[in-house]
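> any chance you could fold what I've pasted below:
(one chain, ligands or ions: 3)
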Amino acid sequence: MAQALYRKYRPKRLEDVLGQDTNVEILKNAAKAGRLGHAYIFYGARGTGKTTTARLIAKLLNCEKRRKEPAFAAEGEPCNECRECLAIDAQNSMDVIEIDAASNRGIDEIRNLKESIKTSPATGAYKVYIIDEAHMLTGAAFNALLKTLEEPPAHAVIIMATTEFEKLPPTITSRAQRFTFRKQPKAVIMAKLNTIAKEEKIKIEPAALELIAAIGEGSFRDAESLLEQVSSFSDGGAKTAAITLADTERITGRTGLRKVHAFAELMIAKDAKGALAYLAELNDEGHNIVQFTKDLIHYLRKTLSLAINPSLEQSFEKDLTKDELAAMRTLGTSTKDGEGADSATLVKLIKALIRAYAEMRYSPFAIVPLEVMLVEQLA
Ligand SMILES: Nc1ncnc2c1ncn2[C@@H]1O[C@H](COP(=O)(O)OP(=O)(O)OP(=O)(O)O)[C@@H](O)[C@H]1O
Ligand SMILES: [Mg+2]
Ligand SMILES: [Zn+2]
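Ligands and ions are numbered 1, 2, ... in the order given. Modelled structure (predicted):
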């Protein structure tokens, strides 16, 4: 693979930006009407489309086909074929300036911006400044930027992207149109991974893709990078068999939810023997036991919350499938024959797991605190 997967599959049209429907709709309407703004702030979770959308705006503003053909401009998408679109995709357009505020906290960059923003665009219609990690700018840099934001030249557009909106001064945020980019549900990320896998002819089990999407925790980029890592890792030689969940668990050091659930079941059934055996097996298979404990804590914590407040299901649906939620509900409902757990038991187990986890992180024998905890709690 010559190009990183996440670069290759960066959306080229607003329509391909997934899960950010309101943003897409507003920007598309503005593009159709030829009324894109002069200052934007894109904020929200990493890997959800901020930089992607900023570059799309740059293309919408400078696309030659859009400038020449009003009928095409009314479609609200870039052509992706003209010189300007191609240059922006290749990141070598003279008129699209990407500034990384994290490096040197943007001092020189903003000074340069103040100067260069006055001159007309080289080949496009607009000069577009994309300021990444905008929250890292210093007070002085913000001040300099503020002056420009108050009176931007007609040919200039400034787009700030950040994961930490609260760190931007209100003087800046109030002068820009603001857009939130949301973390994405597992299902949405999985759907994109599926498309990529098909396109790249990566053979991989659905359960493996699901684990990758889950590890991404709402970020397309994280999930796409991981898919690349997993597929190149198991690519040694002429690979014909599909990548399995076990392969993926081994490469990522993470454990699929099914195993986390099975382990939680053993704990709730007070099956000390079974739990210890299961743990030994996970350890032999090379699972990261510290990470596993963390996943287990989160799993039980969700089980408890769901038992107390069933309407939380809506929020958990982002990370869990319907089947997983059903299994979790069963686990958190205690029945007469002692199958599920009551809240008191869950609280006890979670507390004990957190103690074990704290010890594990600094122990040279990570597995021991967990084993001792199992014996204490279950035997
Ligand atoms: N909404 C989305 N729809 C489809 N793919 C996406 C989306 N958001 C991100 N991606 C994928 O993730 C990659 C990285 O996205 P992008 O650079 O836009 O993230 P970002 O929000 O700027 O993240 P960061 O805060 O880390 O800079 C893209 O190249 C694309 O493959
Ligand atoms: Mg970005
Ligand atoms: Zn174009």
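> SS state for Ile131?
Using DSSP: H, G, I helix; E, B strand; the rest coil, the structure places Ile131 in strand.
> if I read this right, it contacts Ala161, doesn't it?
Yes. Applying C-beta atoms under 8 Å as the test, Ile131 and Ala161 come out as touching, 7.0 Å apart. All C-beta spots, glycine's among them, are computed from the backbone N, C-alpha and C.
> pLDDT score assigned to the closest residue to ligand 2 within the chain?
Among all residues of the chain, Thr51 sits closest to ligand 2, at 3.2 Å; criterion: C-beta to the ion. Note for Thr51: predicted pLDDT of 97.
> how about His298?
pLDDT recorded at His298 is 96.
> kindly report the same for Leu306.
95.
> would you indicate which residues of the helix or strand hosting it are buried?
Assigned by DSSP states H and E, Leu306 belongs to helix 289-308. Buried residues in helix 289-308, counted by 16 or more other C-beta atoms under 10 Å: 289-290, 292-297, 299-300, 302-307.
> hmm, who's touching it?
Surrounding helix 289-308, the residues in contact under the criterion C-beta atoms under 8 Å, 6 or more residues apart in numbering are 253-255, 257, 260-261, 263-264, 279, 282-283, 312-313, 316, 320, 325, 328-329, 331-333, 341, 343, 346-347, 349-350, 353-354, 356-357, 360-361, 366-367, 370.
> give me the buried entries from those residues.
254-255, 257, 260-261, 263-264, 279, 282-283, 313, 320, 325, 328, 331-332, 341, 346, 349-350, 353, 356-357, 360, 366-367, 370.
> so Ile99: helix, strand or coil?
strand.
> and it, what are its bridge partners?
Ile131 (DSSP bridges).
> check what pLDDT it gets.
93.
> measure it to Leu211 for me?
36 Å (C-beta to C-beta, to the nearest Å).
> repeat for Pro70
For Pro70 relative to Leu211 (C-beta to C-beta), the value is 48 Å.
> show me what the helix or strand bottoming out on mean pLDDT in the chain is packed against.
Here the helix or strand of the chain ranked lowest by mean pLDDT, DSSP states H and E is helix 107-116, holding a mean of 88. When contacts are defined as 3 or more C-beta pairs under 8 Å, 6 or more residues apart in numbering; DSSP states H and E, helix 107-116 sits against strand 96-100, helix 139-150.
> average pLDDT across the helix or strand just after the longest one?
Right, the one you point to is helix 139-150. Scanning forward in sequence from helix 139-150 by DSSP H and E, the next helix or strand is strand 156-162. For strand 156-162, mean pLDDT is 97.
> how much does strand 156-162 deviate in direction from helix 107-116?
Inter-element angle recorded for strand 156-162 and helix 107-116: 160 degrees (by axes from the mean of the first three to the mean of the last three C-alpha atoms, to 10 degrees).
> and the following helix or strand past strand 156-162, which residues are buried?
Using DSSP H and E, the helix or strand that directly follows strand 156-162 along the chain is helix 170-173. Using 16+ other C-beta under 10 Å as the test for burial, helix 170-173 gives Ile172, Thr173.
> again, but for stretch 371-379
In stretch 371-379, residues buried by neighbour count (16+ other C-beta under 10 Å) are Glu371, Met373, Leu374, Gln377, Leu378.
> ligand 1: which of these is nearest?
Lowest distance from ligand 1 to those (C-beta to the nearest ligand atom) belongs to Met373, with 36.4 Å.
> any idea how far ligand 3 is from that closest one?
According to C-beta to the ion, to the nearest Å, Met373 stands 60 Å off from ligand 3.
> and that residue, what does it touch?
By C-beta under 8 Å, 6+ apart, the contact set of Met373 is Ala352, Leu353, Arg355, Ala356.
> repeat for Leu279
Phe263, Ile289, Ile367, Leu370, Glu371, Leu374 are the contacts of Leu279 under C-beta under 8 Å, 6+ apart.
> identify those among those residues that sit within strands.
When these are checked against strands (DSSP state E), there are no matches.
> from those residues, pick the one nearest Ala87.
Closest to Ala87 out of these is Ile289 (49.4 Å), distances taken as C-beta to C-beta.
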